[in-house]
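>>> got a predicted model here, sequence first, then my questions.
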Amino acid sequence: MRRLMLLRHAKTESDAPSGRDQDRRLDDRGLRDAAEIGGWIGRHPPFPDCVFVSPAVRAQQTWDIAWAAMKGLVPPPQVESVPELYGADAAELLHAIRMASVSDPKRLMLVGHNPGMHELALALAGGGDAAGRKALTDNLPTAGLAIFDFATVDWDDVAFHRGKLVLFVSPKLLKQASSD
């Protein structure tokens with residue numbers, strides 16, 4: 001069994017001072033949402049053994065803040081900045097996931113960007129949480145987390161439509177759940 005966690009970066013400023021998309025930083029809501037989703041991950045095992053993070057500032061910040069909220073609750077994962085995640089489509093992201101066969105973690109997290117992460121989540125879902133799949137149809141929102149299980153022992157065998165969506169959660173869904 002392999003578990004994949006797809007975490008989209010949190011909410012960002014619309015433009016970076018440098019003018020480069022890769023340099024965009026989290027805005028105030030993004031800072032709060034990254035901490036909130038990190039805290040949620042820290043309270044809901046199993047945790048990632050390995051994390052692949054896009055080199056974009058907003059993805060790096062999302063991971064750093066989420067990790068700070070998890071620290072002490074979660075064993076430290078192996079973390080790698082993976083340039084191929086920036087601007088990747090679903091097929092390129094799947095290729096990056098299959099690269100995890102080298103270190104062979106049981107649980108892998110990707111921290112990246114839409115539209116690729118959303119397209120990947122939709123393409124992987126072959127079953128699982130029906131309500132989560134329906135909610136995920138529209139969007140993988142900022143700081144949204146989609147968790148998939150695959151009935152395989154090798155990341156090379158992860159394929160489209162073979163994942164079971166275990167859970168889809170976002171800061172907005174967490175707020176709605178706490179107000180119910």
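Good, I have the coordinates. Numbering: from 1, shown residues only.
>>> what packs against the lengthiest helix in the chain?
What stands out as the longest helix in the chain, according to DSSP state H, is helix 28-43. Where contact means 3 or more Cβ pairs under 8 Å, 6 or more residues apart in numbering; DSSP states H and E, helix 28-43 is packed against helix 57-70, strand 145-150, helix 171-179. To be clear about C-beta, it is placed using only N, CA and C from the backbone, and glycine gets the same treatment.
>>> following that helix, which helix or strand comes up?
Using DSSP states H and E, the next helix or strand after helix 28-43 towards the C-terminus is strand 50-53.
>>> next, the buried residues of that next one.
In terms of neighbour count (16 or more other Cβ atoms under 10 Å), strand 50-53 has its buried residues at 50, 51, 52, 53.
>>> residue ranges with poor pLDDT in this structure?
Where the chain drops to pLDDT under 70, the residues are 179-180.
>>> now with 80, please.
With pLDDT under 80 as the threshold, the chain has low-confidence stretches at 16-17, 72-74, 177-180.
>>> contacting residues for residue 87?
113, 116 (Cβ atoms under 8 Å, 6 or more residues apart in numbering).
>>> so it, which of the three states?
Here residue 87 is coil, with the state taken from DSSP: H, G, I helix; E, B strand; the rest coil.
>>> in TSV: the helices and strands packed on helix 28-43, plus mean neighbour count.
As requested, these are arranged in TSV below (neighbours: other Cβ atoms under 10 Å):
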stretch	mean neighbour count
helix 57-70	22
strand 145-150	24
helix 171-179	12
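>>> output these as CSV; include the columns distance to residue 4.
CSV is the format used below for the helices and strands packed on helix 28-43 (distance: least, Cβ to Cβ, whole Å):
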stretch, distance to residue 4
helix 57-70, 16
strand 145-150, 5
helix 171-179, 19
